[in-house]
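>>> Model the following, please.
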Amino acid sequence: MAVRKTITTCLRIPPRINSMGMWASTNMFTYSLPVLQMQMIFIFIITNLLHFLLRRLNLPKIVSEIIAGIILSSSLLGRSEKFRKLVFPADSQPILGTIALMGYTLFMFLIGVKMDLSMIKKTGRKALAIGILALLAPLMLGFATTFVLGELKATNGVTNLSYVTLIHSLTPFPVISCILSDLKIINSELGRLALSSAIVSDLFSVFLTTIGTISRFAKEESSRLAIIHLAATIAFILSLVYVFRPAMFWVVRQTPEGRPIKDKYIFTIIAGVLVSGVLSNWMGLFVLFGPFMLGLAVPDGPPLGSAIVDKLDSFVMGVLLPLFISTCAVRTNMATIDLEHPSVYSNGILSVVTMATKIAACMLPALYSKMPFNDSLALGLIMSAKGTVQLATYTLFRDNQTIDEETFALLALGTTVLAGGIHLAVKYLYNPSRKYAGYQKRNIMHSKHNAELRILACIHRSDNIASTINLLDASSPNRENPIGVYVLHLIELLGRASPLFISHQLQKKTVSNRSYSESVILAFSHYERNNRGNVSINAFTAISPSKLMHDDICILALDKLVSLIILPFHSKWAIEGSIEIEDHRLRTLNCSVLDTAPCSVGILVDRGHLGRSTSVVSSQSSYSVVMIFFGGSDDHEALTYAKRMAGNSKIRLTVVRFVAEDDDDGLSEWDKMLDAEVLKDVKVNNVNNRYVAYMEETVKDGPQTALIVRAMVDDYDLMIVGRRHNINSPQTSGLLEWSEFPELGAIGDLLASSDLKSKASVLVVQQQQQMS
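Numbers count the residues shown, from 1 in each chain. Next comes the predicted model:
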């Protein structure tokens, strides 16, 4: 076992900071600034060289940063006293440590800014259960293991296992956020569930830690002092909630749409970070508590949260945090590890028990909610990840002599192995192409009866506005069945500007009379006023490259838990029936959304009626809608949406079912059973006490189906069909061979064909595909 050394140094007043250079008679490395610069150079060069090699093995950067610290420690280069005195002299440690801890403080503030507490509500009880179990299960079983090891005399004087258990039980949000960002799945359904669970676990652990700290004050100092600290902590949190957070929302409202937050507000908040750190020390809490809580009070996302992240992120994450991680690892001394000492085995057993318990505790709620096994295992591994926060806690306990040098070396080594191993394991288990895959059914068919139907309506051009509003109007919104509409105006990013995402509910102020998406906001606001209590509108603008627009759509759909995304078709028809505009980038976008959407998708082909500036439903005595039914999940979704439309007395709904002549429609028995269930009320001509016409057409092949469908187009204003992608059936055989728009399916392609002269608009529906 290593013995701690006490080093006595002399302090020079005034301190030597900046050297006069090579012309001075004294050694430049006796001055603090050149030494600090040299330390940073060594750390950055070794870290980046290691990362250049290790990233080819898909290892995260934290592995390189820890190994760089171990290389510079007394385990390797630091064994040379000459090197140690030159690069890491004893009197330089306070300066390096202070700068590194300042970097970690800013890092925790940024993590608080990025943390979206509303995610807990969106993922529901599953995240709550996983977050609490991820902390309590390993904590209780870890303490039980520590007790058993003590009873078996396996610890042999090792007294720090309780603290090790506490650290192993933590699930820090910063660690989870970093590993998800490295794996590029932070916006996935799995990533959101992991983040929500980590928020729950982290806040619960902060609460328990605060209570523990105050209890320690009561035990070691006095109950009166503990009450004062508790009152000060509560007062600090209340001031953040009721003073600072409203003030920050005021800053957001004062910022015109599309304009950056003024620098004076950013600098004021950064000064607040320093003040909150001082207050944390005064309250007897760890210095990180105040900055982290202040970060939570900052509204996340644009414009304020993203502005702070843009200002600080590169410097903190690229310079200060790697410096902090490496300076923590520099304390490691591998020579202190004695493989025959009981602490090696007791620490190993405790690590395995707590990690296995945490993985199992996270997997059980996930499996109970029917998440696939691989994804559940990936979630358990992510929640068991080790990283910056654990290493910082080990270092704090080591510096306070709560744990010894050998335990610290073992824990630092274990953090390195787990940080790399879990990263590789999750990459193997989870396919990033399914990052928007949902674990919940988010479609119209499985929506709760009389619950709000959430729709994400995408707008590209001004001519999309009227057709989208008229489709929403045809959806029969009322107080019993309201519609929540999230309008996303998509603008292509040109030039070298940065992507921009604007929530028009937050930023009310405009620079002039002209703002982003002004015509879109006015039109939909007018529609909301005319349908007060039946329709709620929330408007957003996304300015991004066309190849990334599908991410904006899918992320917003996930975030708002929508059931249906409505996309405008890429072609626009002129009055006489010819194609006026054909945007192939929009077609590519539609295909990308169809492939990755976390909910159902509808492509709206506007060929006349829906493009009117006035409501087609309210202006006509009757509005004819036909739903063409073949069978399968997409047709179930399309029919469910059509049934909703039948709730409007002015809409006349007809359902036409095409049946194969030989009764072999290529569907499974389960799909046939669902067909019968969804058609049950239609066949008796009664949907929600409204008359619905029902017809059946028996056909032998696709050409016969095409003839019947073509004959129908002039009888209806809107035709609704299921996409039925990759479903082969006799009723549509041969139609896809001449397909012009395969993203619309066989019948949708037929109805959107340029040689079909029709004014009937078409809605092609695809039910949620990304169910794991």
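
>>> Check the protein and tell me which residue is nearest its centre.
In the chain, the centroid-proximal residue (C-alpha atoms, centre = their mean) is N187; its distance is 3.4 Å.

>>> In a strand, it, correct?
No - using DSSP: H, G, I helix; E, B strand; the rest coil, the assignment for N187 is coil, not a strand.

>>> do you know how far it is from L381?
Distance of N187 to L381, computed by C-beta to C-beta, to the nearest Å: 19 Å. Where C-beta positions appear, they are placed from N, C-alpha and C, glycine not excepted.

>>> which residues sit in contact with the residue nearest to the centre of the chain?
Taking C-beta atoms under 8 Å, 6 or more residues apart in numbering as the contact definition, N187 lies against 435-436, 551, 554-555, 558.

>>> Could you measure from it over to I62?
21 Å.

>>> Over to H229?
Applying C-beta to C-beta, the value for H229 to I62 is 34 Å.

>>> Please apply the same query to D662.
62 Å.

>>> who's more crowded, these two?
Between D662 and I62, counted using other C-beta atoms under 10 Å, I62 has the larger neighbour count: 28 against 9.

>>> residue ranges of the helices in the stretch 351-500 of the chain, please?
373-383, 388-399, 405-429, 463-474 (DSSP state H, counting those that start in this stretch).

>>> Run the chain-centre distance for the first one.
From the chain centre to the centre of helix 373-383 is a distance of 16 Å (C-alpha atoms, centre = their mean, to the nearest Å).

>>> what does the average pLDDT come to for it?
Mean per-residue pLDDT for helix 373-383: 90.

>>> Does anything pack onto it? Which helices or strands?
Packing partners of helix 373-383 (3 or more C-beta pairs under 8 Å, 6 or more residues apart in numbering; DSSP states H and E): helix 125-151, helix 173-183, helix 189-220, helix 342-368, helix 405-429.

>>> what's the closest of those helices to E528?
Across the helices and strands packed on helix 373-383, the minimum distance to E528, taken as C-beta to C-beta, is reached by helix 189-220, at 28.4 Å.

>>> and the closest one, which residues are buried?
Using 16 or more other C-beta atoms under 10 Å as the test for burial, helix 189-220 gives 189-206, 210, 213-214, 217-218.

>>> What angle do helix 189-220 and whichever helix or strand comes after that helix make with each other?
Counting by DSSP states H and E, the element after helix 189-220 in chain order, helix or strand, is helix 223-239. Orientation of helix 223-239 against helix 189-220 (axes from the mean of the first three to the mean of the last three C-alpha atoms, to 10 degrees) gives an angle of 150 degrees.

>>> Now K643: closest residue in space, sequence neighbours ignored.
Leaving aside its chain neighbours, K643 sits nearest to V687 (4.9 Å; criterion: C-beta to C-beta, 6 or more residues apart in numbering).

>>> The one you found touches V655, doesn't it?
No - using C-beta atoms under 8 Å, V687 makes no contact with V655, being 9.0 Å away.

>>> okay, these two: which has more neighbours?
Looking at V687 and V655 with other C-beta under 10 Å, you find the greater number of neighbours at V655, namely 24 against 20.

>>> how far is the helix or strand harbouring that one from where the chain is centred?
Here V655, judged by DSSP H and E, is contained in strand 651-660. Relative to the centre of its chain, strand 651-660 is centred 41 Å away, using C-alpha atoms, centre = their mean.

>>> partner strands of that strand, parallel or antiparallel?
strand 623-629 (parallel), strand 693-699 (parallel) (DSSP bridges).

>>> what comes up buried for the helix or strand just after that strand?
Using DSSP H and E, the next helix or strand after strand 651-660 towards the C-terminus is helix 669-683. Within helix 669-683, the residues scored as buried using 16+ other C-beta under 10 Å are 671, 674-675, 678-679, 682.

>>> again with stretch 332-347
Those would be 332-333, 336-337, 341, 343-347, for stretch 332-347 by 16+ other C-beta under 10 Å.

>>> who touches F540 in this structure?
Applying C-beta under 8 Å, 6+ apart, the residues contacting F540 are 486-489, 501-504, 556.

>>> Who is it paired with across the strands?
Beta bridges link F540 to L488, S503, judged by DSSP bridges.

>>> measure it to L453 for me?
On the measure of C-beta to C-beta, F540 and L453 end up 18 Å apart.

>>> Same list (the contacts of N187) but as CSV, adding distance to G387.
Below are those laid out as CSV (distance: C-beta to C-beta, whole Å):
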residue, distance to G387
K435, 21
Y436, 26
D551, 26
C554, 28
I555, 25
L558, 25
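
>>> and which of those is nearest F42?
The closest of those to F42 turns out to be K435 (C-beta to C-beta; 38.1 Å).

>>> Could you tell me the least trusted of the helices and strands packed on helix 373-383?
When the helices and strands packed on helix 373-383 are ranked by mean pLDDT, helix 189-220 comes last with a mean of 78.

>>> who does it touch, helix- and strand-wise?
Using 3+ C-beta pairs under 8 Å, 6+ apart: helix 189-220 touches helix 118-123, helix 125-151, helix 173-183, helix 223-239, helix 289-297, helix 373-383.
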